[in-house]
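>>> here is my input, please return the structure:
(one chain, ligands or ions: 1)
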Amino acid sequence: MSQASFRVPTPVNEPVLSYAPGSPERAELKQTLERMVAERLDIPLVIAGEAVRTGRLAEARMPHDHRHMLATYHQAEAPQVQAAIAAALAAKPAWEALPFADRAGVLLRAADLLATRYRPILNASTMLGQSKTAHQAEIDAACELIDFFRFNVTFAEHLLAEQPNNAPQVSNSFDYRALDGFVYAVTPFNFTSIAGNLPTAPALMGNTVVFKPSPSAMPSAWYIMELLREAGLPPGVINMVQGDPAMITAQVLAHPDLGGVHFTGSTAVFKSIWRMVGENMPHYHQYPRLVGETGGKDFIFAHASAGDDLEALAVGIVRGAFEYQGQKCSAAARAFIPKSVWPKLCERLVALTGEIKMGDVRDFRNFMGAVIHENAFKKISGYLDYARSAPGVKLLAGGKADGRRGWFIEPTVIQSDNPKDRLMCEEIFGPVITLHVYPDSAYEDTLRLCDQSTPYALTGSIFARDRKAIATASRLLRHAAGNFYINDKPTGAVVGQQPFGGSRASGTNDKAGSFLNLVRWTSPRTIKENFTPPIRVGYPYQGAE
Ligand code: NAD
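Numbering: from 1, shown residues only. Next comes the predicted model:
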């Protein structure tokens, strides 16, 4: 074994490629898209490094052209779930015992593969399977996942260097062990980077993982597994089991060796996982760690002085609300606008929204694709129907849905007189923003309303030129968002720059892309070595009465 001290390369955020006409990356991506559309993947389960085909098939289709099947995937039943848990437990001793440099080496190699050969593969599968534009795929499937791999290695290195004090003749240390048991990683459809990060962050800390990807993001999940295999991840360290989420989760959470859950998805599902873990408590050999990043109703709040920079506010709202069809957990979904700013802003919002091009993401002129699946389409359409008839609610732009070819919902701007209307409070998770116009004189009261009117606290923005107004908003909204933006849209967190996560109903706020997240995947052992152990039982004070 090497006796060298290992120094991790200093990470920098992966540069975002432009995909502008004539660029080499555009040509390569277009070719890969064509190739992937022409083939039909057959995605197996991955257990102990083996492809497992159960024959219980489900389909992955393109959201923007749902006649087209991209892949079939094999679904797990109970025996495969148990086999995946057994594989994770079997792989654990050797993986945990590997020196940190070797575990880190897998992720660093994965980052380099993804920055090069796998970049068009992961981008194209994310575009086709999740309906992201080239830019949205690039910032997610390529850049953010590369950043997660590289930055997590650096954060882990710093964590390992965090050691307790010594004393004369005594040496103390933290041994950063993996958790007892295995970790269950459950990922959402909307970020390929999250699908890559949730299983690998615990693995970096020595854990082994059962990974349940989203049924709505299977092609990109498969290529993540391929990428990790090629990067040298040993068999059994991350085992992929897809299929009925409720069945798989019930099997996994009932296992006595469940060591932790790394979840991102909706609030309702995470609450059900938490409840099940509580019910299974008597059977566990340890207390499972529960990390969940969940829903949001993210806000943009404008002060009257934002009227001086109207275009920045309008662009922040449009980009924040409509990029990736509003399906980012951080997407702007409600806004509070002062009356003095409203007439001009309304005009700009309607104009900018009207210019947005929506369609097949293979046509690079489009700014938006389709929403993920029929259920999302129906749910969002239901909110649009409601908006058309609800009292005090006005549809200002968009509002139409067309599911004939793909699950397309127009970017939609709604005004609501009632700040507590369901459009202002419930997570819709689509390209829909609802704005409430407030009297300029009610700034502080409306900030309090913004803080209290939803159960969530994920992201939010204040737009203002007036510094005092910014300070007031920062104070009154302190607990309203885990990621708070000043004069910027509430989306687009960058690993290493804006560690991500929210509290209240938005999650456990363990900040993906920071050392705080990695802390959850280690169970340190404190070691004391005494160089001069005492050789007498009694103490000096006993020498005389
Ligand atoms: P989802 O809750 O439907 O699914 C998330 C995962 O949970 C998937 O793997 C799914 O198969 C699984 N799942 C679904 N039902 C389950 C059940 N009954 N038991 C166990 N597992 C189950 O969420 P989604 O539609 O994939 O993603 C969108 C949601 O995720 C939104 O609410 C969004 O706000 C949230 N999200 C949050 C963050 C964050 O960092 N806070 C990031 C991304 C997405």
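>>> immediately after the helix or strand hosting Leu198, which helix or strand?
Using DSSP states H and E, Leu198 sits within helix 192-204. As assigned by DSSP H and E, the chain's next helix or strand after helix 192-204 is strand 209-212.
>>> what's the mean pLDDT across the helix or strand that that next one is followed by?
Sequence order places helix 218-230 as the next helix or strand after strand 209-212, per DSSP H and E. Mean per-residue pLDDT for helix 218-230: 99.
>>> buried ones in helix 218-230?
Residues of helix 218-230 classed as buried under the neighbour-count rule (16 or more other C-beta atoms under 10 Å) are Met218, Pro219, Ser220, Ala221, Trp222, Tyr223, Ile224, Met225, Leu227, Leu228. For glycine as for every other residue, the C-beta is placed from the backbone atoms N, C-alpha and C.
>>> the first one and Ala231, how far apart?
So that's Met218. Met218 sits 20 Å away from Ala231 when distances are taken as C-beta to C-beta, to the nearest Å.
>>> and for the fourth one?
With distances taken as C-beta to C-beta, Ala221 is found 16 Å from Ala231.
>>> likewise for the third one?
If you measure Ser220 against Ala231 using C-beta to C-beta, the figure is 16 Å.
>>> flag every residue of the chain that's near the ligand.
186-191, 194, 212, 214-215, 245-246, 249, 264-266, 269, 272, 293-296, 329, 427, 429, 458, 500, 502, 506-507 (C-beta under 6 Å from any ligand atom).
>>> and those residues, which are buried?
186-191, 194, 212, 214-215, 249, 264-266, 269, 293-296, 329, 427, 429, 458, 500, 502, 506-507.
>>> from those, which land in strands?
Among these, the members found in strands (DSSP state E) are Val186, Lys212, Thr264, Glu293.
>>> out of these, give me the two with the largest separation.
Largest separation among those by C-beta to C-beta: Lys212 and Glu293, giving 15.5 Å.
>>> strands along the stretch 251-400 of the chain, start to end?
Along the stretch 251-400 of the chain, counting by DSSP state E, counting those that start in this stretch, strands occupy 258-264, 289-293, 298-302, 332-338, 393-397.
>>> any idea how far Asn487 is from the closest residue to the ligand within the stretch 1-150 of the chain?
Nearest residue of the stretch 1-150 of the chain to the ligand: Gln130, at 10.1 Å (C-beta to the nearest ligand atom). Gln130 sits 30 Å away from Asn487, going by C-beta to C-beta.
>>> again with Leu33
36 Å.
>>> quick one: which of the two has more around it?
Shown here are Leu33 and Asn487; by other C-beta atoms under 10 Å, Leu33 has more neighbours (19 against 15).
>>> now do the phi/psi pair for that one.
Dihedral pair for Leu33: phi -60, psi -50, per degrees, to the nearest 10.
>>> and what about the residue nearest to it when sequence neighbours are not counted, helix, strand or coil?
Leaving aside its chain neighbours, Leu33 sits nearest to Ala124 (4.8 Å; criterion: C-beta to C-beta, 6 or more residues apart in numbering). Classification of Ala124 by DSSP: H, G, I helix; E, B strand; the rest coil places it in helix.
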